[in-house]
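Undergrad: what follows is a predicted structure for the sequence shown.
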Protein chains: 2
Amino acid sequence: MMSVNDNQICKTVLIHEDIVNKVRPLLTASEILSPLSEFFRILGDPTRLKILQALHVSEMCVCDLAFLMKMSQSAISHQLRVLRQANLVKYRKEGKIVYYSLHDNHIKSMMDFGLEHINEKQIIR
Amino acid sequence: MMSVNDNQICKTVLIHEDIVNKVRPLLTASEILSPLSEFFRILGDPTRLKILQALHVSEMCVCDLAFLMKMSQSAISHQLRVLRQANLVKYRKEGKIVYYSLHDNHIKSMMDFGLEHINEKQIIR
DNA sequence: CTAATACATGAGCACATGTTCACATAAAGA
DNA sequence: TCTTTATGTGAACATGTGCTCATGTATTAG
């Protein structure tokens, strides 16, 4: 009986057992790592990132966002739902109008941090 | 003749023209915002994030990574290519073995930053 | 040279994702 | 009440993504 990926994983006993054994206990538990990648995944869409950036300047209603971004109200609304479920934005209702704003200011710092990273290497395009 | 999304965007002249006009000039140019969301998108996958975290502890070869993550060498190799193209990792060849390492230490800081964000709100799940 | 091995890569496939479209809902005005 | 308008949402659809599988390439050993 062969182990799961016997024909995929390297044939040697294990190339650097010492390294693997050193690294393994230092890995963040996947219960934590998974929400983290989920968080980055949410930020990894241009539409959502732009919405977040706009909301960092000012609270805005769905209509304003749609106009600002030249996108359909429906598309914006769908994305706002994603952002809501990820707890990145909150909203307040005033009659028919729903005003969205950032849940906190971490996202802005995160964006600045990312921009720094990008600017420090051979710039993408 | 109607404008592009006349039946999608709100019917009012424009709900908060003042806000939109205030926000628009403060938005980061999409030439910059786009690479940023691209950067987050790369981090937004559990496999890639785990690879990066492992590489932060120690330089490792493809084989080690595959073993550590209980994934096929092919899958790891494909993801390493994505990370390479995004300039997040670099590699060095020694005979048959290819050692990968982080391109710089920004990623670790970014991960820590993200973890902070997650820990500060009602924890996911 | 031949075989073995570490890694890379293209094709294929199942599944996730973002948008549009149509329609539902809720609030305000006539 | 009936209409209008701001927003939410399910279904459909096209596209993107991550993995497997098969195979290619480079390097080393024999």
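TA: Cool, the structure landed.
Undergrad: tell me which element the most centrally placed residue in chain A falls in.
TA: Centrality entry for chain A: nearest residue to the mean C-alpha point is A:F40, 2.4 Å, by CA atoms, centre = their mean. Following DSSP states H and E, one finds A:F40 within helix A:30-43.
Undergrad: distance from the chain centre to the lowest-mean-pLDDT helix or strand in chain A, please.
TA: None of the helices or strands of chain A scores lower by mean pLDDT, DSSP states H and E than helix A:106-120, at a mean of 84. With CA atoms, centre = their mean, to the nearest Å as the basis, helix A:106-120 stands 13 Å off its chain's centre.
Undergrad: where do the helices sit along chain A?
TA: Applying DSSP state H to chain A gives helices spanning A:17-23, A:30-43, A:46-57, A:62-69, A:73-85, A:106-120.
Undergrad: and these as TSV, adding distance to B:L14?
TA: All C-beta spots, glycine's among them, are computed from the backbone N, C-alpha and C. Formatted as TSV, the helices of chain A follow (distance: least, CB to CB, whole Å):
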stretch	distance to B:L14
helix A:17-23	55
helix A:30-43	28
helix A:46-57	15
helix A:62-69	6
helix A:73-85	13
helix A:106-120	26
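Undergrad: for B:K90, find the nearest of these.
TA: Nearest of these to B:K90, taken as CB to CB: helix A:106-120 at 14.6 Å.
Undergrad: how about that closest one: buried residues?
TA: Neighbour-count burial for helix A:106-120 flags A:H106, A:I107, A:M110, A:M111, A:G114, A:L115, A:H117, A:I118 (criterion: 16 or more other CB atoms under 10 Å in any protein chain shown).
Undergrad: quick check: which of those residues are also close to chain B?
TA: Among the buried residues of helix A:106-120, the residues lying close to chain B (CB under 8 Å from any CB of the partner chain) are A:H106, A:I107, A:M110, A:M111, A:G114, A:L115, A:H117, A:I118.
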